[in-house]
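*Asks:* Sequence plus the predicted model coming up.
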Amino acid sequence: MDEKKKGFGLKTIVLVAFISVIAGVMITARFDMTDTTTAQNFWQDADSSPLVTGAVPNNFVELAKKLSPMVVNISTTQVMKERPTMPFPEFRGGPFEEFFGDDFRRFFEEPPGGEMKRQSLGSGFILNSEGYILTNFHVIENATEIIVTLSEDKKEYKATVVGQDQKLDIALIRIKPEEKLPIAVLGDSDELQIGEWVLAIGNPFGLGGTVTAGIVSQKGRVIGAGPYDNFLQTDASINPGNSGGPLFNTNGEVVGINTAIVAGGQGIGFATPINMVKEVLLQLKETGRVTRGWIGVSIQDLTPELAKSFGVKEARGVLISSVNPNEPADQAGLKAGDIIISFDGRQVNELSDLPRVVATTPPGKNAEVKVLRDGKERVFFVKVGTKVDEDIDEPAANQDNGSPDKRLGISAQPITPEIAKRLGKKETDGVIISSVKPDSAASEAGLKRGDLVKEIDRKPIRGMADYSRALNEAEKNDIVLFLVERGGNTIYVIVKPRK
């Protein structure tokens, strides 16, 4: 009897140990299910195997047939409440006004019904079987109605905005399809090589289903479109209406979102790398907006002359020009004059690298930062904060957080070195108004896109932290006094916030 108990106990121990190992593996696997895995389940519920294999096809017939159904046409309606511009102001008070009388004044001074509708066209691509579609933010910005037209059967669906990110110029919209949809597969834009063949499919000038081919002309282009510029440049023909459409590699994978063109240029188009989009897709789906990392420093290029003066042999990394008091970098011990060479394990070689790396680091993470100080390498750990200007971004559709930005009708952004260069300025102090809503308090007061905000209620605005604090305080007031710089002149503007 005792021997049986002893044998039973040994077998039990072995069995329990075996089950524990299996359970441990399963639990480990479960805890290793990162956001990437979750995201892939969201955006890749199609067969992820390449549609076409082979580096360079003899022609693009098969690719075009298989990929075109994944691309949709997007048309939007925007209601504008601005008065139309009189095309010939010299006619005012002349014989035309006298002859046409009230009809002349109504046409040029009063929009019909007090409103004007503006139509715009763009493109997008189907992300998964639940009807999620990716496009550009500027395609659906301020839209009162979004119509998605499928490529194959030309069915039309009304779409709703799920999330949007103005800084990356992307938007996630959704339709409720009646049929099974062809799904685009997202590729790896980091693996793209300069000179590699790519296809752009979209809706240029309203001509749906247009396929153009070209090569990747360059990567990592900074064109001054925003703080996270990192565009793919391609000579595949891209025109107005292609915005939001996909850029495919020869495996039939989306490697970019066609976003911008050079006005008057030929053979030069820009696409947002799809890997940058992947980093924020889940946030757009779940919260409708993007929360980015922030450490609170101003940076500048490390030129060879500056590198020499700081005792550095090569111009690698970015130079910290100032550190915001009591913000993450300051609390970690970083100082002006430090040269950041890596952040959270990723190399920082040039000016545009750091904002992108920091922005994609989860807030709250203790990131390792390697710097050169007095010619020697040092390591600091910065607890990444949340970017302060996210609180005053344009809210996603169907959201109204009652923020001061909503009452004023403006959005603002920091002055990046690229923007400062375009403005002919050496410093990056202040914030710039990036958009003004029609028929808003700011619009009525005369604030304009591109105005440089110097003060709010007599308080200097050196950056987004000052701007955010000033607007929060101004929420209690009936009027807000702006001091802005425009065209080399400085003017005061009084804005009466909406209730």
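*Replies:* Noted; the coordinates are in hand. Residues are numbered from 1 along each chain as shown.

*Asks:* Next, the distance between the ends of stretch 233-251.
*Replies:* 19 Å (C-alpha to C-alpha, to the nearest Å).

*Asks:* Mind listing what's buried along that stretch?
*Replies:* By neighbour count with 16 or more other C-beta atoms under 10 Å, stretch 233-251 contains the buried residues 233-239, 241-251. C-betas here are computed from N, CA, C, even on glycine.

*Asks:* same question, stretch 144-161
*Replies:* For stretch 144-161, using 16+ other C-beta under 10 Å, the buried residues are 146, 147, 148, 150, 151, 157, 159, 161.

*Asks:* For these, give me CSV that also has secondary structure and pLDDT.
*Replies:* Putting the buried residues of stretch 144-161 into CSV (DSSP: H, G, I helix; E, B strand; the rest coil; pLDDT from 0 to 100) gives the following:
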residue, secondary structure, pLDDT
146, strand, 93
147, strand, 94
148, strand, 94
150, coil, 93
151, coil, 87
157, strand, 94
159, coil, 93
161, strand, 92
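
*Asks:* Check for me that residue 407 belongs to a strand.
*Replies:* No: counting by DSSP: H, G, I helix; E, B strand; the rest coil, residue 407 is not found in a strand; it is helix.

*Asks:* tell me the domain ranges of the chain?
*Replies:* Annotated domains of the chain cover 47-291, 293-386, 389-495 [automatic domain parsing].

*Asks:* Please enumerate the strands of the stretch 51-200 of the chain.
*Replies:* All strands of the stretch 51-200 of the chain, identified by DSSP state E, counting those that start in this stretch, fall at 71-80, 116-126, 132-135, 145-149, 156-158, 160-165, 170-174, 185-186, 197-202.

*Asks:* Tell me which residue is most central in the protein.
*Replies:* Centroid-nearest residue in the chain: residue 168, 1.3 Å away (criterion: C-alpha atoms, centre = their mean).

*Asks:* Now do that one, the pLDDT please.
*Replies:* For residue 168, the pLDDT comes out at 88.

*Asks:* now do the one 5 residues further on
*Replies:* Residue 173 is assigned a pLDDT of 95 by the prediction.

*Asks:* now that we're looking at it, which residues does it contact?
*Replies:* Residue 173 makes contact with 74, 124, 132, 133, 135, 140, 146, 148, 159, 160, 161, 162 under the criterion C-beta atoms under 8 Å, 6 or more residues apart in numbering.

*Asks:* Show me what the one helix or strand residue 368 maps to pairs with in its sheet, parallel or antiparallel.
*Replies:* In the assignment (DSSP states H and E), residue 368 maps to strand 366-373. Strand 366-373 sits in its sheet next to strand 339-343 (antiparallel), strand 376-383 (antiparallel), going by DSSP bridges.

*Asks:* I'd like those written out as TSV, with mean pLDDT added.
*Replies:* As requested, the strands paired with strand 366-373 are exported to TSV (pLDDT from 0 to 100):
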stretch	mean pLDDT
strand 339-343	94
strand 376-383	94
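
*Asks:* so which of the ones you listed is the most packed in?
*Replies:* Ranked by mean neighbour count, those are led by strand 339-343 with a mean of 22 (mean count of other C-beta atoms under 10 Å).

*Asks:* What lies in contact with that strand?
*Replies:* 299, 302, 307, 310, 312, 316-320, 347-348, 354, 357-358, 361, 367-373, 377.

*Asks:* Return the distance of that strand from the chain's centre.
*Replies:* Strand 339-343 sits 24 Å away from the centroid of its parent chain (C-alpha atoms, centre = their mean, to the nearest Å).

*Asks:* coming back round to it: a markdown table for the strands of the stretch 51-200 of the chain, including distance to residue 489?
*Replies:* Shown next, in a markdown table, are those (distance: least, C-beta to C-beta, whole Å):
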| stretch | distance to residue 489 |
| --- | --- |
| strand 71-80 | 28 |
| strand 116-126 | 31 |
| strand 132-135 | 38 |
| strand 145-149 | 39 |
| strand 156-158 | 45 |
| strand 160-165 | 33 |
| strand 170-174 | 36 |
| strand 185-186 | 47 |
| strand 197-202 | 41 |
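
*Asks:* Residue 444 is nearest to which of the ones you listed?
*Replies:* With C-beta to C-beta as the criterion, residue 444 lies closest to strand 71-80 of these, at 14.4 Å.

*Asks:* What pairs with the closest one, parallel or antiparallel?
*Replies:* strand 116-126 (antiparallel), strand 145-149 (antiparallel).

*Asks:* Between the strands of the stretch 51-200 of the chain, which has the poorest mean confidence score?
*Replies:* Across the strands of the stretch 51-200 of the chain, strand 116-126 gives the lowest mean pLDDT, at a mean of 80.

*Asks:* who's in contact with residue 483?
*Replies:* Contacts of residue 483 (C-beta under 8 Å, 6+ apart): 453, 454, 455, 456, 458, 490, 491, 492, 493.

*Asks:* In strands only, show me these.
*Replies:* 453, 454, 455, 456, 490, 491, 492, 493 (DSSP state E).

*Asks:* Lowest-confidence one in those?
*Replies:* For those, the pLDDT minimum is residue 490, 75.

*Asks:* mind checking how far residue 126 is from residue 451?
*Replies:* To residue 451, residue 126 is 39 Å away according to C-beta to C-beta, to the nearest Å.

*Asks:* quick one: buried residues of the strand holding residue 368?
*Replies:* 367, 369, 370, 371, 372, 373.

*Asks:* from memory the third one sits against residue 379, does it?
*Replies:* Yes: when contacts are counted by C-beta atoms under 8 Å, residue 370 is listed as touching residue 379 (5.6 Å).

*Asks:* Now residue 222: closest residue in space, sequence neighbours ignored.
*Replies:* Closest residue to residue 222 apart from its sequence neighbours, by C-beta to C-beta, 6 or more residues apart in numbering: residue 229 at 4.2 Å.

*Asks:* got it, and residue 330?
*Replies:* Residue 330 sits nearest to residue 323 (C-beta to C-beta, 6+ apart), 4.9 Å away.

*Asks:* Enumerate every residue touching that neighbour.
*Replies:* By C-beta under 8 Å, 6+ apart, the contact list for residue 323 reads 296, 297, 298, 329, 330, 334, 335, 336.

*Asks:* Mind pulling the model confidence for the fifth one?
*Replies:* The confidence metric pLDDT takes the value 93 at residue 330.

*Asks:* and the gap between it and residue 343?
*Replies:* In terms of C-beta to C-beta, residue 330 sits 16 Å off from residue 343.

*Asks:* Next: the fourth one.
*Replies:* When distances are taken as C-beta to C-beta, residue 329 and residue 343 turn out to be 11 Å apart.

*Asks:* Same question for the second one.
*Replies:* Going from residue 297 to residue 343 by C-beta to C-beta gives 11 Å.

*Asks:* Residue 233 too?
*Replies:* Residue 233 is 25 Å from residue 343, by C-beta to C-beta.
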